[in-house]
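Enquirer: Provided below are the primary sequence and the corresponding predicted coordinates.
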Amino acid sequence: MTSVKEVPPSGDRHVALLMGLVLGQLQRTFAEDEEWTGVRQSHLRVISLVPAGGISVTDLARRAGMTKQGCGQFVTKLVAQGLLRTQAEPEDRRVRWVRRTDLGQRTLGAATTRILEIEDAWAGSVGRARYATFRSVLEELAIRPG
């Protein structure tokens, strides 16, 4: 019996497994740094989707591909952490507007810097040209409609 932490032989490594392994590396890098205690990649993703002028929870959920309720729970947690703030829409008090706090903006900036450092290390380990091609293909696949 093999451990779930063992990497299968190369012929058995499907793309979902490989992407999971790479994301795991990224998550471990953040988890090892005390600065990121309590902030997960999913939190950073939601914070990064909040535009400078703010956004309603409903529109943020749509942008994130989440349910309104799930997004609302994320927002509530991020408000409690001081990374986001909410405010009721004056014309329709049922609508909550979400904005980044100064701490949320600094956290997102620091995370972006850290991710760029990780990408630079990856590029250094596989070659800059190969990494640039990988990143270009990944962007193309990520933004492709459907």
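Expert: Received the coordinates, thanks. All values derive from a computational prediction rather than experimental measurement. Numbering: from 1, shown residues only.

Enquirer: just the helices in the protein please.
Expert: Using DSSP state H, the helices assigned to the chain run over residues 15-31, 41-48, 57-64, 68-80, 102-126, 128-143.

Enquirer: which strands and helices sit next to the third one?
Expert: Spelled out, it's helix 57-64. Helices and strands touching helix 57-64, as assessed by 3 or more C-beta pairs under 8 Å, 6 or more residues apart in numbering; DSSP states H and E, comprise helix 41-48, helix 68-80, strand 96-100. (C-beta placed from N, C-alpha, C; glycine too.)

Enquirer: swap in the longest one?
Expert: The contact analysis (3+ C-beta pairs under 8 Å, 6+ apart) places helix 102-126 against helix 15-31, helix 41-48, helix 128-143.

Enquirer: From what I see, residue 39 and residue 104 are in contact.
Expert: No. Assessed by C-beta atoms under 8 Å, residue 39 is found out of contact with residue 104, at 10.1 Å.

Enquirer: Of the two, which one has the most company?
Expert: Counting neighbours by other C-beta atoms under 10 Å for residue 39 and for residue 104 shows that residue 104 has the greater number, 23 against 20.

Enquirer: Compute the distance between the more buried one and residue 29, please.
Expert: 21 Å (C-beta to C-beta, to the nearest Å).

Enquirer: what's the answer for residue 66, then?
Expert: Residue 66 is 25 Å from residue 29, by C-beta to C-beta.

Enquirer: These two: which is more packed in?
Expert: Applying other C-beta under 10 Å to residue 66 and residue 29 shows that residue 66 carries more neighbours, namely 19 against 15.

Enquirer: What count of nearby residues applies to the residue nearest to that one when sequence neighbours are not counted?
Expert: The shortest distance from residue 66 to any non-neighbouring residue, by C-beta to C-beta, 6 or more residues apart in numbering, is to residue 74 (7.4 Å). Neighbour count of residue 74, defined by other C-beta under 10 Å: 23.

Enquirer: doesn't residue 44 make contact with residue 74?
Expert: No. With contact defined as C-beta under 8 Å, residue 74 and residue 44 do not form a contacting pair (11.1 Å).
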